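# Whatever this is, show me its structure:
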Amino acid sequence: MSSGSRPADSQQPGKGTKFADWVGERLGADNRARPDGRRKVFPSHWSFMLGEISLYSFLVLVLTGVYLSLYFHPSMTPVEYHGSYAPLQGQTVSEAFDSTMRISFDVRGGLLIRQAHHWAALIFVASMFAHMLRVFFTGAFRKPRELNWVLGFSLLVLGMFEGLTGYDLPDDLLSGTGLMVVNGTILSVPVVGTYLSMFLFGGAYPGKDLIAHFNTLHVVVIPALMAGILVAHLVVARRHRHTQYPGPGRTERNIVGLPFRVYAVKSGAYLLLVTGVVFMIASVAQINPVWLYGPYRPDQVTAGSQPDWYMGVLDGLLRVMPGWEVAFRGHTLALDNLVPLLAGAGLFLALGAYPFVEAWVTKDGQRDHHLLDRPRNRPVRTALGAAWVSVYAVALLGAANDLVALRLHMSVNAVTWAVRAGLFVVPFVVYVVTKRWALALQRADRDEVLHGRETGTIKRMPDGEYIEVHEPLGRERLHLLTQHEQYVPIRLSPDGRAGRAERLRALLSRGLYGKGTQIPKPTVREYEEISHDHGEDHVFR
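You can find the predicted model right below:
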């Protein structure tokens, strides 16, 4: 039948069917051989604990948040302060600030719970961030876990906004200064910026409903979304087989690890450990002392104000962006706020979209992957991830340009220009260094496979030559160094009929797996030839 025949085309599955199949595979709906939960095996590598830290710190957040909500009054109604903190006696403050002070000084255990809540929020975002990077660098986002990657990425973004809304609830001068920056950034969004600002602040900034709106977002809306995503994340993860690092006896079809009973005991102990560490830090390390900042006043700004570290990337981009504005048909486009907002959003969207780009480039979206990659075996991906982290780090440094200038006795302009240059230079340098480092480690693995392990023993040959005695590697070590798959770049058809999408795919494929991006694995023939030529007494012993 000819290629243009209708009957053959009609048998092809439609887009709706393909999408349903894709979702079903990612949800594990067709996994009929899924074992009973009590018979599941859990890998015991330490890096898997990063996700558990996120879960347990989230539980601490919920419990401490419930306690704080019993005493917090989310209102901007002005009242006169008559609490235990003498320096603020008689000052006009909002009910939100007054209740925060009462929690800190008059409620039994209030300050400990409040600081534990704040520290748990920082640990929650940090552990999610580290967990996402672990998933990225080891390739744990590949099929069938793309949906779980999206859920985890969404949880990270929501966690950042949850921290931002909670940071602003006390209505102190520090959080108010940050809110001024947030409002300016929102107003820079074309068309809808003013409407978003009015919705959040209940009118012209600072409005009268700011704390009430943020409290609803912080206590109800965002936690509900996070809880739903977290449950979905755990359910999808349970329906799929756990990933594991390569090693002896580990394949794509089995799991080597701990039985459920042992894992449950360790996990319970880890919950207590995380909780204990959070409260230990909260008891000895002061954080967000609102009594030192005082109540928020629109006509005042806190010197040295900084957001929590996870929002520092946006603050840093805002600080180093030149004050550019463009007038267009009677409207002013504030590029000094809009460009950092787009750059920050683009930075995170690039991280979230990368797994799908890699699957499209490698044409590897049909096979399930349960064995993790060693980062050295994916040099370009590892280098891209390291460059991404370097952008975040440089922008975070820019968020403290005033403090850096003060401590190092430098000009703020000098620090700002250094950060501007660093945003373009540092990622490039980090990419090159990381890629070459990964290639060097690959080359070292290849030499170890071919020549064996160095023993440090020097042997003199009959002709006077000195050589170092090597020991042959065991099967386990050989498997670890050679089990990874090396992709071949996509080649276009010689007739030149490839479309734009296919040419782009081939270009990206060469960038990921082309010349200079990986060291070829030693073949069995190379291994046998070198072993035979050197002899057992010469090199291998």
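# tell me which residues of the helix or strand where residue 407 lies are tucked away?
According to DSSP states H and E, residue 407 maps onto helix 401-408. For helix 401-408, burial by neighbour count (16 or more other C-beta atoms under 10 Å) applies to 401-402, 404-405. Every C-beta, even on glycine, is put in place using the N, C-alpha and C of the backbone.
# quick one: which of the residues you listed is nearest residue 299?
residue 402 (20.2 Å; C-beta to C-beta).
# pretty sure the closest one contacts residue 412?
Yes: using C-beta atoms under 8 Å, residue 402 is in contact with residue 412, at 5.8 Å.
# Now residue 470: phi and psi?
phi -110, psi 150 (degrees, to the nearest 10).
# Can you report how many residues neighbour it?
The tally of other residues near residue 470 (other C-beta atoms under 10 Å) stands at 19.
# now for the helix holding residue 407, which elements pack on it?
Under the contact criterion of 3 or more C-beta pairs under 8 Å, 6 or more residues apart in numbering; DSSP states H and E, helix 401-408 touches helix 312-320, helix 412-451.
# what is the orientation angle of the strand ranked longest in the chain with helix 412-451?
Ranked by residue count and defined by DSSP state E, the top strand of the chain is strand 453-460. Orientation check (axes from the mean of the first three to the mean of the last three C-alpha atoms, to 10 degrees): strand 453-460 against helix 412-451 gives 60 degrees.
# pLDDT on strand 453-460, on average?
Mean pLDDT, computed over strand 453-460, is 83.
# Could you check how far it is from the centre of its chain?
Put simply, strand 453-460 sits 44 Å off its chain's centre (C-alpha atoms, centre = their mean, to the nearest Å).
# And stretch 63-76, by the same measure?
Centroid separation for stretch 63-76 versus its chain: 29 Å, with C-alpha atoms, centre = their mean.
# and that stretch, which residues are buried?
Buried-residue list, stretch 63-76, by 16+ other C-beta under 10 Å: 64-65, 67-68, 72-76.
# Go ahead and name everything in contact with it.
Stretch 63-76 is contacted from outside by 94-96, 98-100, 102-103, 107, 110, 113-114, 116-117, 120, 169, 171, 206-212, 214-215, 219, 223, using C-beta atoms under 8 Å, 6 or more residues apart in numbering.
# which ones among those are found in strands?
Filtering the contacts of stretch 63-76 for strands - DSSP E - leaves residue 94.
# so what's residue 131 closest to, chain neighbours aside?
With sequence-adjacent residues excluded and distances taken as C-beta to C-beta, 6 or more residues apart in numbering, residue 131 is closest to residue 50, at 4.1 Å.
# My understanding was that the one you found contacts residue 127; is that so?
Yes: the criterion here is C-beta under 8 Å, and residue 50 meets it with residue 127 at 5.5 Å.
# With neighbour numbers in mind, choose between those two.
Legend: neighbour count by other C-beta under 10 Å for residue 50 and residue 127, higher for residue 127 (22 against 18).
# Name the nearest residue to the more buried one, sequence neighbours excluded.
Here the residue nearest residue 127, using C-beta to C-beta, 6+ apart, is residue 53, at 3.9 Å.
# Just to be sure, that neighbour is in a helix?
Yes: counting by DSSP: H, G, I helix; E, B strand; the rest coil, residue 53 falls inside a helix.
# ok so, going back, make JSON lines out of the helices and strands packed on helix 401-408 and add mean neighbour count and distance to residue 384.
Formatted as JSON lines, the helices and strands packed on helix 401-408 follow (neighbours: other C-beta atoms under 10 Å; distance: least, C-beta to C-beta, whole Å):
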{"stretch": "helix 312-320", "mean neighbour count": "24", "distance to residue 384": "17"}
{"stretch": "helix 412-451", "mean neighbour count": "17", "distance to residue 384": "7"}
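# So what's the gap between the helix holding residue 407 and the chain middle?
28 Å.
# do the same with stretch 173-182
Stretch 173-182 sits 25 Å away from the centroid of its parent chain (C-alpha atoms, centre = their mean).
# Sort out which residues of it are buried, please.
Across stretch 173-182, burial judged by 16+ other C-beta under 10 Å covers 173-179, 181-182.
# same question, stretch 194-211
Using 16+ other C-beta under 10 Å as the test for burial, stretch 194-211 gives 197, 200-202, 205-207, 209-211.
# related to what we said a few turns ago, got the CA positions of the helix holding residue 407 in PDB?
What follows is helix 401-408, C-alpha atoms only, in PDB (Å, rounded to 0.1, in the frame of the first residue of the first chain):
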ATOM      1  CA  ASN A 401      26.300  44.100  47.200                       C
ATOM      2  CA  ASP A 402      25.900  46.800  49.900                       C
ATOM      3  CA  LEU A 403      27.100  44.500  52.700                       C
ATOM      4  CA  VAL A 404      29.900  43.100  50.600                       C
ATOM      5  CA  ALA A 405      31.100  46.600  49.800                       C
ATOM      6  CA  LEU A 406      30.800  47.600  53.500                       C
ATOM      7  CA  ARG A 407      32.800  44.600  54.800                       C
ATOM      8  CA  LEU A 408      35.500  44.700  52.100                       C
END
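# Next, the angle from that helix to helix 412-451.
Counting by the same axes, to 10 degrees, helix 401-408 lies at 90 degrees to helix 412-451.
# Number the chain from 6, please
Understood, numbering begins at 6; the last thing we discussed is helix 406-413.
# which outside residues touch helix 406-413?
Applying C-beta under 8 Å, 6+ apart, the contact partners of helix 406-413 are 308-309, 311, 321, 324-325, 402, 415-417, 419-421, 424.
# any idea which of the buried residues of stretch 199-216 is closest to residue 94?
Nearest to residue 94 among these is residue 216, at 22.5 Å by C-beta to C-beta.
# so that closest one makes contact with residue 103?
No: in this structure residue 216 lies outside contact range of residue 103 using C-beta under 8 Å: 11.6 Å.
# hmm, back to that, mind giving me TSV with the helices and strands packed on helix 406-413 and columns for distance to residue 498?
Below are the helices and strands packed on helix 406-413 laid out as TSV (distance: least, C-beta to C-beta, whole Å):
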stretch	distance to residue 498
helix 317-325	43
helix 417-456	30
